[in-house]
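Asks: got a sequence here, can you build the structure:
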Amino acid sequence: MIKYDFFHWVRSRKIFFLFFIIIICTLVATFGTYYAKDIIDTLGTTGAKVIVQEMHWRDIASSYFKSTSQICLFAAIYLTSTECQLGKVESEKLFYQTRISRGGKVLLSKVFTGFLINFGSVFLGGLLTIYIVRAFYSTINLKEFLLAIAIQSLSFCLFTIFGNAISLYLTPFISAMILEIFILFSSLIENLNYFGQWSPFILLTPNNFLSNFEIRDYSEKFLSLLIMTIVSLILIWFKPVKQSR
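Replies: Sure, this is the predicted structure:
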């Protein structure tokens, strides 16, 4: 099933579209941040003076994390969720309804395929970011950067699974919108003690890991992400086929 689902991603060109979006967001985030001062000076009006602080390599990494956790995550949830919609045509719907009672047997294969594709795409985007940053700055903490990229890539894919679970009961577009609203809301209140301690959304922008941050300091957030993933998989497994959209 995984092989079939993967080739369906290729035939529908969704895999290329997702990779294209991630690459574009990576290039815009990295080059846009690095050359922000030059861009502002070029577009600035006569007599107006805008002071832009000197960019650090961590600023570029932060810009990349923010870009992928918004535009790229929305695209990944939507594309993956459209692959998880069973019975999009009447003949296919009848086939599933007469052969299986729960959608989990088929859906988990689709979700796992999407997980692999999303992880590969966003991790390659992260490696491209590291390559660009190393071209701009001679000294970066490569170990911390790789750790942050790996954490963000894993969180990215697990949030995609959460979006897939929501889409099975709503629609792909609405599920992607709901996740983006959650991310926006969490960014506004992440400084609250209790919420900031447990919110898994912070793992989408792991800026602290770029500054000698320990994984154990984020144990509550990882636990929240694990619980969210388990709940999502349960919702996917027990999805009745007859209610598939």
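Asks: the closest residue to residue 217 other than its chain neighbours - how many residues pack around it?
Replies: The shortest distance from residue 217 to any non-neighbouring residue, by Cβ to Cβ, 6 or more residues apart in numbering, is to residue 208 (7.8 Å). C-betas here are computed from N, CA, C, even on glycine. Residues near residue 208, counting by other Cβ atoms under 10 Å, number 14.
Asks: wait, a strand at residue 208?
Replies: No - Residue 208 is assigned helix when assessed by DSSP: H, G, I helix; E, B strand; the rest coil, not a strand.
Asks: low pLDDT regions in this structure?
Replies: Scanning the chain for pLDDT under 70 picks out the ranges 39-41, 43-53, 86-103, 189-196, 212-214, 240-245.
Asks: all helices of it, in order?
Replies: Ranges of helices in the chain, per DSSP state H, are 2-11, 14-34, 36-43, 57-67, 73-83, 90-99, 104-136, 142-167, 172-189, 193-198, 219-237.
Asks: what's the distance between the residue nearest to residue 217 and residue 150?
Replies: 14 Å (Cβ to Cβ, to the nearest Å).
Asks: again with residue 205
Replies: 14 Å.
Asks: and these two? Which one has more around it.
Replies: residue 205 (24 against 15).
Asks: need the contact list for that one.
Replies: Counting by Cβ atoms under 8 Å, 6 or more residues apart in numbering, residue 205 touches 62, 65-66, 69, 152.
Asks: now it: phi and psi?
Replies: Phi and psi for residue 205, reported as degrees, to the nearest 10, are phi -130, psi 70.
Asks: skipping adjacent residues, who's closest to residue 166 in space?
Replies: residue 175 (3.9 Å).
Asks: wait, doesn't that neighbour sit right on residue 81?
Replies: Yes - with contact defined as Cβ atoms under 8 Å, residue 175 counts as touching residue 81 (5.7 Å).
Asks: common neighbours of those two, please.
Replies: The contact lists of residue 175 and residue 81 share 163-164, 167, where a contact means Cβ under 8 Å, 6+ apart.
Asks: any chance of these in TSV, plus distance to residue 185?
Replies: Below are these laid out as TSV (distance: Cβ to Cβ, whole Å):
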residue	distance to residue 185
163	15
164	20
167	19
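Asks: closest one of the residues you listed to residue 183?
Replies: Each of those was checked against residue 183 using Cβ to Cβ; the closest is residue 163, at 10.9 Å.
Asks: spit out the contact partners of the nearest residue to that closest one once chain neighbours are set aside.
Replies: Spatial nearest neighbour of residue 163, chain neighbours left out: residue 77 (3.5 Å); criterion: Cβ to Cβ, 6+ apart. Neighbouring residues of residue 77 by Cβ under 8 Å, 6+ apart: 159-160, 163-164, 167, 172, 175-176, 179.
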